Every structure is written in structure tokens, then in C-alpha cells.
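In: Mind folding the following:
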Amino acid sequence: MPNAALDSSPVVSEDLKNRIKDSYDAIAEHYNTNFTRDHDEIRLDFLGRFLKELNVKEKDKATVLELGCGGGIPGTQILLENQSPSIHVTANDLSSTQIDIARSNLATFSEKLTLVQGDMMQLSFPDESFDAVIGFYSVIHLPRDEQAKLVKKIVRWLKPGGLFLTNFLDKETSVAVEETWLDQEKGWMFWSGWGGKESAKMVEETGLNMLVTEIRQDLLDAAFMWVMGKKPNL
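Out: I've put the predicted structure just below:
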């Protein structure tokens, strides 16, 4: 979001989620071919670290919730291909088009994959449902007040010893909007965040043990705070 227009006002339009959904539906193919590929190096680095930590648990099977799965490649596919442990992925995305693309891309893994379309804030699971929750470039599309609420929900969803991996905006931003993101006519987009240090603090204050807090700059000159936390064992 290097060219996004910043707005200090906390006011967010009531149709925000619908606008984001419509945009991702419209630009899904372009996003998957260009933006996702541009971020593969960083995404795969943190995904690799995450899988190493997950494998330490010495479990035959694991359950992972992915927030913002997009078209499922490469992240979801790598999770599903993992052998030790074998991972069942519940993959969520706001965009119905992305969910359809993921269903097609990941058809061979249908027995290990549950796809859920909709706003991540509306997800509901029993406590201690997942061994891990991950979200690549997705939580940042929520208004920052919702991000704080979501993190608390995620911690409840994690099993003892469970992992949480995501990235936040490094710069404190109440509202950031770009009208034609990725040079797409229908690419209206929104971001928000508390800033890198405050976001990491927000996660730590839920009681997670912090394994990673690292700022990385992407190819579009946007900086993100990457965090990975672990829920204490009982």
C-alpha cells in the first residue's frame, strides 16, 4: 500500500467489507498472478519457520485455520502437502471468487480442506479448535479495532501450545485507502493498523509467548511487522 491515501479519521464506511469483497472478486486473477508472486519469498520464509515450529509438537495430525487464503497457492497448498504432521486446513476468505479459485486449485486435497467464505470477524469456533492460526496480508484489511478483537478470539481458538502467525502494518494507520490498487480500475482497497510495535504488544498481551517479531520490507516498499506467538501449555 505504498501509494495509499492516509486518513486520520477512525470513521469507516458501513459497506467496507462489501467494497473489499467486490474489489477482490474483481481483481482476484491479477492479484494471484502478480501480488502474491511478488510476496512469495517473504511469505514462504515465515511459513517455513512456522512449519518447523509446528513439527516440534511431534503430532501425526494438526488443524490450521488460514485467514485470507486467496487462491490457495502457494500457502494453503504447502500446508496441505505437509507430511509431518498431516494438516487439515480450514481456509477462509472474504472473496467468493478467491474461494472458487482455491477450490479448483486445491481439488486434490478436498479431504483435508474446508473452505469458508465470509468476513473473518464473523467466524465462530469452539475454544481450543486449532493447532495454529495463520493470516498472510489479510488481518490488515480489518479496521484496527476489529484486529484487536480478532486476536483475542484467535487465542481462544488455539489449543494449548498452538501457534499464531500473521503480519501487521508497521506504520500506525487509522485508515488507508487506495482507489486503484495494483493499477486495477476496480481495485479499491482499505488497510488499517496500530503500528508494528503496538501490534506486537497487542498480541503479546493476550498471553502468547512471542517467538517472532520482525519487520520486513516487501518489493512494493511497504513494511510489515511479522509476529508468531505460541499459546502456553497448560
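
In: What is the longest strand seen in the chain packed up against?
Out: Longest strand in the chain, counting residues (DSSP state E): strand 158-169. Applying 3 or more CB pairs under 8 Å, 6 or more residues apart in numbering; DSSP states H and E, we find strand 158-169 packed against helix 40-55, strand 130-135, helix 144-157, strand 189-193, helix 196-204, strand 209-217, strand 223-230. Backbone N, C-alpha and C define where each C-beta goes, glycine included.

In: Which one of the ones you listed lies nearest to residue 96?
Out: Of all the helices and strands packed on strand 158-169, strand 189-193 sits nearest to residue 96, with 17.1 Å by CB to CB.

In: Spatially central residue in this protein, please.
Out: residue 135 (1.8 Å; CA atoms, centre = their mean).

In: correct me, but that residue touches residue 166?
Out: Yes - under the criterion of CB atoms under 8 Å, residue 135 makes contact with residue 166 at 4.2 Å.

In: which neighbours do the two share?
Out: Residues touching both residue 135 and residue 166 (CB atoms under 8 Å, 6 or more residues apart in numbering): residue 67.

In: So which bits of the longest strand of the chain are buried?
Out: 158-159, 161-169 (16 or more other CB atoms under 10 Å).

In: again with stretch 150-158
Out: Buried-residue list, stretch 150-158, by 16+ other CB under 10 Å: 150-151, 153-155, 157-158.

In: okay if I get the residues you listed as a markdown table plus distance to residue 63?
Out: As requested, these are exported to a markdown table (distance: CB to CB, whole Å):
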| residue | distance to residue 63 |
| --- | --- |
| 150 | 18 |
| 151 | 19 |
| 153 | 16 |
| 154 | 13 |
| 155 | 16 |
| 157 | 10 |
| 158 | 10 |
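
In: Show me which pair in the residues you listed is furthest apart.
Out: 150 and 158 (12.7 Å).

In: Export the buried residues of stretch 150-158 as a markdown table, with columns for pLDDT and distance to residue 192.
Out: Below are the buried residues of stretch 150-158 laid out as a markdown table (pLDDT from 0 to 100; distance: CB to CB, whole Å):
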| residue | pLDDT | distance to residue 192 |
| --- | --- | --- |
| 150 | 98 | 12 |
| 151 | 98 | 14 |
| 153 | 98 | 17 |
| 154 | 98 | 17 |
| 155 | 98 | 20 |
| 157 | 98 | 22 |
| 158 | 98 | 24 |
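
In: from the residues you listed, which is closest to residue 51?
Out: For those, the nearest to residue 51 is residue 158 (16.5 Å; CB to CB).

In: so where's the protein uncertain?
Out: 1-14, 36-39, 56-58, 219-220 (pLDDT under 70).

In: Flag every buried residue along stretch 98-118.
Out: Buried-residue list, stretch 98-118, by 16+ other CB under 10 Å: 98-103, 105-106, 109, 112-113, 115-117.

In: taking these one by one, which sit in helices?
Out: 98-103, 105 (DSSP state H).

In: Could you dump those into TSV with distance to residue 180 added?
Out: Listed next are these as TSV, based on distance: CB to CB, whole Å:
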residue	distance to residue 180
98	19
99	24
100	24
101	22
102	25
103	28
105	27
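
In: of those, closest to residue 201?
Out: residue 98 (31.0 Å).

In: quick one: that closest one and residue 66 touch, right?
Out: No - when contacts are counted by CB under 8 Å, residue 98 is not listed as touching residue 66 (11.7 Å).

In: Nearest to residue 203 among the buried residues of stretch 98-118?
Out: So of those, ranked by how close each gets to residue 203 (CB to CB), first place is residue 116, at 22.9 Å.
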